[in-house]
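Asks: build me a structure from this.
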Amino acid sequence: MAKLKPYPRYKDSGVPWLVNIPAHWDLVKMKYLLSERKEKGFPGEPLLAATQTKGVILKNQYENRTVLALKDLHLLKLVERGDYVISLRSFQGGIEYAHFRGIISPAYTILKPSARVQRGFFEPFFKSAGFVSGLSLCVTGIREGQNIDYVRLSRMPMPVPPVEEQLAIGRYLRAELGKINQIIRAKRRLIELLNEQKQAIIQRAVTRGLDPNVRLKPSGIDWLGDVPVHWVSKPTKYFLREIDERSNTGTEELLSVSHITGVSPRSQKSITMFMAGSYVGHKVCRSGDLVINTMWAWMGAMGVAKQSGIVSPSYAVYRPMHADAFIPDFLDHLLRTRPFVSKYICLSTGIRSSRLRLYPEEFLKIPLIQPPLEEQVQILGAVKQESFELDQAVGRANREIDLIREYRTRLIADVVTGKLDVRNAELPALEEAEEDSAAQEGSTGDAVEPDEELETAEEHVDVAE
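Replies: The predicted structure follows:
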C-alpha cells in the first residue's frame with residue numbers, strides 16, 4: 001500500500017462522505033447507472049438469500065440461517081446474475097451483488113447495472129465504509145431505520161471512473177484481497193488447530209481426570225467409555241431442571257449463546273443482526289444456569305451463564321438442583337466436549353440437518369459424570385494452566401486478523417474512492433488460484449460465524465409468506 005500514490009489531480013465531489021475524487025472521474029446519479037428491475041411471476045426460479053458477507057446466493061446454500069417460505073412464489077422479484085440488491089440489511093453493510101439468477105423478497109429493490117457499471121469496481125464500492133456511511137442519509141422507517149429509500153438513494157451522485165480504469169481497479173482488488181484472504185484463512189486455520197488442541201486437553205481432563213493411574217470403570221455410557229471408578233454417573237434430570245421464567249420488562253442484559261463463546265452479553269458481540277422491538281417475554285437466566293440454543297445444540301451452542309440476563313424464548317434454560325454438584329466452569333467444559341456434542345446430534349430432531357432441535361425431554365435423559373467437588377477444582381486448575389499458552393497464541397492470531405481486516409477495509413475504501421491510483425500497480429502473486437473470492441467469502445472476505453439465530457421469525461424471513 002505504501003507504494004501506491006494519489007492521482008495527480010482531484011476535484012470536489014460535493015458529496016460529504018466522498019469529498020474529493022480524481023479529476024477525470026465522472027459524478028453520475030445512481031439512477032442513471034442502475035435501473036430498477038420489478039419483474040415478477042417466475043415461481044420456477046430458485047429462491048435466493050441476500051447476505052451481507054456472501055452477496056446474493058442460493059437460499060439452499062444459506063438455509064441454516066434463514067426461514068424458508070414457499071407460498072406465493074409468483075410474487076417474488078426476479079434477480080439476474082450481476083444485479084445488485086438492496087435488502088433489509090443493506091443500511092448496515094451496503095448493497096449486495098447477485099451471484100445467481102433467482103427470485104427474492106418483493107420487499108427488496110433489484111437494480112440492473114448499465115454498461116458503465118463494472119463489477120470489479122462497484123461491488124467493493126457498494127460495500128465500502130464510506131458508501132455505507134452515506135446510506136444513512138437515505139434511511140427511513142422506525143426500528144432503527146432499517147429501510148433504505150431508493151428514491152432518495154437514486155439521486156445520490158456516484159463516482160464513475162472510465163470503464164477501463166474500473167477494470168484495472170477490479171483486477172488489483174481481486175488480486176490484493178485474494179492474497180489478504182489467504183492470510184486470514186491461514187490464521188483462522190491456526191486458531192482452529194490451537195482450539196482443537198485445547199479441546200483435547202479439556203476433554204481428557206473432564207472425562208478421565210488428572211491421575212493417569214486411576215482405576216477406571218465402565219461409565220455405562222457407550223459413547224463415553226470408561227471413567228474413574230469413584231465418579232458418579234446419573235441422568236441429567238438428577239442434576240438440572242428446566243426453568244421457564246419470563247421477563248416482564250425486557251430491560252435485563254441481553255445474552256447471546258454461541259458454540260464458540262458460550263453465553264455472553266450480546267453487547268460484546270461484533271456480529272450484525274436486527275434487534276427485536278421488545279424483549280418482554282424473553283426467558284430469564286441466572287448466573288450458574290445452563291442455556292442451550294436448542295436449534296444449534298448439535299454444534300455445541302450452549303454454556304453456563306456467568307451473569308443474569310435474558311435470552312431468546314426459543315432457548316432452553318436449566319438450573320442446578322444442588323449448588324454443590326458441579327462447579328459451573330466444569331459443567332460448561334463437560335457439556336461442550338465432543339462426546340456430548342455427538343450425543344446431542346443423535347438426540348436432536350428436525351426435518352433438515354440445519355434445523356435439528358434438542359428438546360428438554362431428550363437432553364435431561366443424557367447421563368452426566370460427576371467427580372467430587374474438590375477434584376473438579378483441581379481439574380479446572382490444570383486445564384487453565386495447560387491451556388494458558390494456547391490461549392495466548394489464539395489471542396495473538398485474533399489480534400493479527402483484526403489488524404489485517406483494518407488494513408483491508410482501508411485499502412478498499414482508498415482505492416474505490418480514488419485516494420490511491422492503482423492503474424499501474426504491480427499485482428501480488430497468489431499462492432493458489434482464487435476462483436471467486438467474493439462468492440467464497442464476501443467482497444471483504446469475512447466468513448459468517450453461525451453464532452446465533454435471529455430472534456424472531458419476522459427477522460428471519462426474506463421471501464414472501
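Asks: neighbours of H322, how many?
Replies: By other C-beta atoms under 10 Å, 9 other residues sit near H322. Where you see a C-beta, it was placed from the backbone N, CA and C, and this is true even at glycine.
Asks: what's the spacing between the strand or helix carrying I169 and its chain's center?
Replies: Secondary structure assignment for I169, by DSSP states H and E: helix 163-208. When C-alpha coordinates are averaged (C-alpha atoms, centre = their mean, to the nearest Å), helix 163-208 and its chain have centres 15 Å apart.
Asks: same check on stretch 98-106?
Replies: The answer for stretch 98-106 is 21 Å, by C-alpha atoms, centre = their mean.
Asks: stretch 1-14 too?
Replies: 34 Å.
Asks: got it, and stretch 52-63?
Replies: Here stretch 52-63 is found 12 Å from its chain centre; the criterion is C-alpha atoms, centre = their mean.
Asks: cool, and stretch 201-219?
Replies: On the basis of C-alpha atoms, centre = their mean, stretch 201-219 sits 35 Å off its chain's mean C-alpha point.
Asks: for stretch 234-251, same thing?
Replies: 27 Å.
Asks: do the same with stretch 260-268
Replies: The answer for stretch 260-268 is 13 Å, by C-alpha atoms, centre = their mean.
Asks: before we move on, what about stretch 149-161?
Replies: 29 Å.
Asks: quick one: contacts of that stretch?
Replies: 13-15, 18, 21-22, 24-31, 33, 36, 86, 109, 116, 121, 125, 134-135, 137-140, 166, 169, 416-418 (C-beta atoms under 8 Å, 6 or more residues apart in numbering).
Asks: just the C-alphas of that stretch, formatted as CSV.
Replies: Extracted C-alpha coordinates of stretch 149-161, given in CSV (Å, rounded to 0.1, in the frame of the first residue of the first chain):
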residue,chain,number,x,y,z
ASP,A,149,-35.5,4.9,0.5
TYR,A,150,-34.4,4.1,-3.0
VAL,A,151,-35.9,7.2,-4.5
ARG,A,152,-33.6,9.2,-2.3
LEU,A,153,-30.7,6.9,-3.0
SER,A,154,-31.2,7.1,-6.7
ARG,A,155,-30.4,10.8,-6.6
MET,A,156,-27.1,10.3,-4.8
PRO,A,157,-24.1,11.1,-7.0
MET,A,158,-21.8,8.1,-7.6
PRO,A,159,-18.1,8.3,-8.7
VAL,A,160,-17.6,6.7,-12.1
PRO,A,161,-14.1,6.0,-13.4
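Asks: report the buried residues of it.
Replies: Neighbour counts over stretch 149-161 (16 or more other C-beta atoms under 10 Å) mark 149-150, 153-154, 156-161 as buried.
Asks: what does stretch 183-192 give?
Replies: Within stretch 183-192, the residues scored as buried using 16+ other C-beta under 10 Å are 184, 187, 190-191.
Asks: you'd agree P367 is up against I221?
Replies: Yes - counting by C-beta atoms under 8 Å, P367 does reach I221; the two are 5.0 Å apart.
Asks: between these two, which contacts overlap?
Replies: With C-beta under 8 Å, 6+ apart as the test, P367 and I221 both reach S233.
Asks: return the residues in contact with G303.
Replies: Per C-beta under 8 Å, 6+ apart, neighbours of G303: 257-258, 261-264, 290-291, 332, 336.
Asks: average pLDDT for whatever helix or strand comes next after the helix holding I169?
Replies: Going down the chain from helix 163-208, the next helix or strand is strand 216-218, by DSSP H and E. What strand 216-218 shows for mean pLDDT is 93.
Asks: the helix or strand just after strand 216-218 pairs with which strands, and in what direction?
Replies: Downstream of strand 216-218, the next assigned helix or strand under DSSP H and E is strand 226-228. Sheet partners assigned to strand 226-228 using DSSP bridges are listed as strand 216-218 (antiparallel).
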